[in-house]
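Peer 1: After the sequence you'll find the predicted model.
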Amino acid sequence: MRAFILFALFLGAALVAANTYFDEDFNAGWEDRWVTSNNKVKEGTAGKIEWTAGKWYGDENDKGIQTAQDARFYQVSSKFPSAFSNKGKDLVFQFSLKNEQDLDCGGGYFKLHPADLDQENFDGESPYFVMFGPDVCGSTKRVHVIFNYKGKNHLINKSVYPKTDKLTHFYTLIVHPDQTYQVLIDNEETQKGSLTEDWDFLPPKTVKDPSQKKPADWVDEAEIADPEDKKPEGYDDIPATIADPEAKKPEDWDDELDGSWEAPQIANPDYKGEWKAKTIPNPAYKGPWVHPEIDNPEYKEDPNIYAYDNIGAVGLEIWQVKSGSLFDHILVTDDVEEAKKRVEDFKKGAEAEKAALDKIEKANTEKAEAEKKAAEATKHDDHDHDHDHEEKDEL
């Protein structure tokens, strides 16, 4: 009984300890929580955002914000109820994305910013802590995972690939206090590892010893020419090309007008190329020289690379050639299980969204085929009409 009570108290404490710092489903009134930057307004490149469930969906009431104009910048942000630090806790950054367009060049990522973000002038130069989400341009398709460390932005040195269909997908970044991370897409782990190994936050632990260099007498040639191998006599007398023995002087060849006839040259089948002595193992070979390393005096461990203070805003700052990306379900929390649960809850209605998309694509295919047949029929009728005119002209 005592053990059960202790477990219940522990579970209760864990539940109380969980924090949700930002939770945006873009319900009615979302405009009051988001600020559109003035950065691109004057030059006319600021894109319009629409509040919609999209052209296909599983739930028409589940609305998000969608980019609505091609070749535009989108710069909107929202501040948290209060700033927080993720020190000593998991940091979960999650959102959903549906690209209804054939995205050929454009971003689909969010950023976590300090609480003092200047929302009115928010742009690509605004400081951020984390940048996470898909980015597509031509054949380059990646999920950005960028952390700011000591004022410098560091991109992950591993590949993380996004989903490229037209359905809703959840992107989740989890950063743990032990300086490990996970990237999940639809709750499936697509990448994981160590912050110190998968980003170049710190200088290398060791460096080549500057006081050491390869000895002048070091032999690193594994093979040498056999000194006993001699070039055969007459080897260099074999020409690379010879006159084609099957060539014959043309019957209309005139020596006085055309000059003396010579058969064309062909590759000599007996020619073996430049002679080289065969190689043998080098008896003096010492192997490749390895530069000795020493501890890097500039290296210093940092157990708090993962931690940020004053996290207080989220921003969407992207450029899109083709609009149509729909963002929703933004969650910033320290509760990993809650984030996963929300993805699983959404998946329950995902089949309805897929069925709606399939229906639209089927209708578009049928329409395209009908238009193609109509165009071919018109072309055939025009051809018959022209043929009739030609027959009348002949009469």
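Peer 2: That came through, no problem. Numbering: from 1, shown residues only.
Peer 1: hey, let's count contacts and neighbours off CA atoms from now on
Peer 2: Fine.
Peer 1: can you list the domains in the protein?
Peer 2: 19-201+312-346, 349-380 (automatic domain parsing).
Peer 1: And the residue nearest the centre of this structure?
Peer 2: Geometric centre of the chain, nearest residue: residue 142, 1.4 Å, by CA atoms, centre = their mean.
Peer 1: That one touches residue 155, doesn't it?
Peer 2: No - between residue 142 and residue 155 there is no contact, the gap being 11.3 Å when judged by CA atoms under 8 Å.
Peer 1: Can you tell me which of the domains of the chain is nearest to residue 239?
Peer 2: Counting by CA to CA, residue 239 lies closest to domain 19-201+312-346 out of the domains of the chain; the figure is 50.7 Å.
Peer 1: Now do the end-to-end distance for that closest one.
Peer 2: Using CA to CA, to the nearest Å, one end of domain 19-201+312-346 lies 21 Å from the other.
Peer 1: Then stretch 341-353?
Peer 2: End to end - CA to CA - stretch 341-353 spans 19 Å.
Peer 1: go on, stretch 29-42?
Peer 2: End residues of stretch 29-42 are separated by 26 Å (CA to CA).
Peer 1: and that stretch, how far from the chain's centre?
Peer 2: 28 Å (CA atoms, centre = their mean, to the nearest Å).
Peer 1: which residues are contacting it?
Peer 2: Outside stretch 29-42, the residues within contact range by CA atoms under 8 Å, 6 or more residues apart in numbering are 46, 73, 75-79, 119-123.
Peer 1: Mind checking which of those are in helices?
Peer 2: Among the contacts of stretch 29-42, DSSP state H puts none in helices.
Peer 1: Buried among these? Make that a PyMOL selection.
Peer 2: Applying 16 or more other CA atoms under 10 Å to the contacts of stretch 29-42, the buried members can be selected in PyMOL as follows:
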select buried, resi 46+73+75+76+77+78+79+119+121+122+123
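Peer 1: Alpha carbons of the lengthiest strand in the chain, as CSV, please.
Peer 2: In the chain, taking DSSP state E as the definition, the longest strand is strand 72-84. What follows is strand 72-84, C-alpha atoms only, in CSV (Å, rounded to 0.1, in the frame of the first residue of the first chain):
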residue,chain,number,x,y,z
ARG,A,72,5.9,36.7,-51.0
PHE,A,73,7.5,37.0,-47.6
TYR,A,74,5.5,35.9,-44.6
GLN,A,75,6.6,37.4,-41.3
VAL,A,76,4.2,36.9,-38.3
SER,A,77,4.9,36.2,-34.7
SER,A,78,3.2,35.6,-31.3
LYS,A,79,4.5,36.0,-27.8
PHE,A,80,4.0,33.5,-25.0
PRO,A,81,1.9,34.3,-21.9
SER,A,82,5.2,34.4,-20.0
ALA,A,83,8.9,33.7,-20.8
PHE,A,84,10.6,30.6,-19.6
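Peer 1: which other helices and strands contact it?
Peer 2: Strand 72-84 sits against strand 20-24, strand 35-36, strand 311-320, with contacts defined as 3 or more CA pairs under 8 Å, 6 or more residues apart in numbering; DSSP states H and E.
Peer 1: before we move on, back to that, distance of the residue nearest to the centre of the chain from residue 91?
Peer 2: In terms of CA to CA, residue 142 sits 22 Å off from residue 91.
Peer 1: same check, this time on residue 167
Peer 2: 26 Å.
Peer 1: Quick one: the helices and strands packed on strand 72-84 as a markdown table, columns for mean pLDDT and distance to residue 277 too.
Peer 2: Listed next are those as a markdown table, based on pLDDT from 0 to 100; distance: least, CA to CA, whole Å:
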| stretch | mean pLDDT | distance to residue 277 |
| --- | --- | --- |
| strand 20-24 | 98 | 74 |
| strand 35-36 | 98 | 75 |
| strand 311-320 | 98 | 62 |
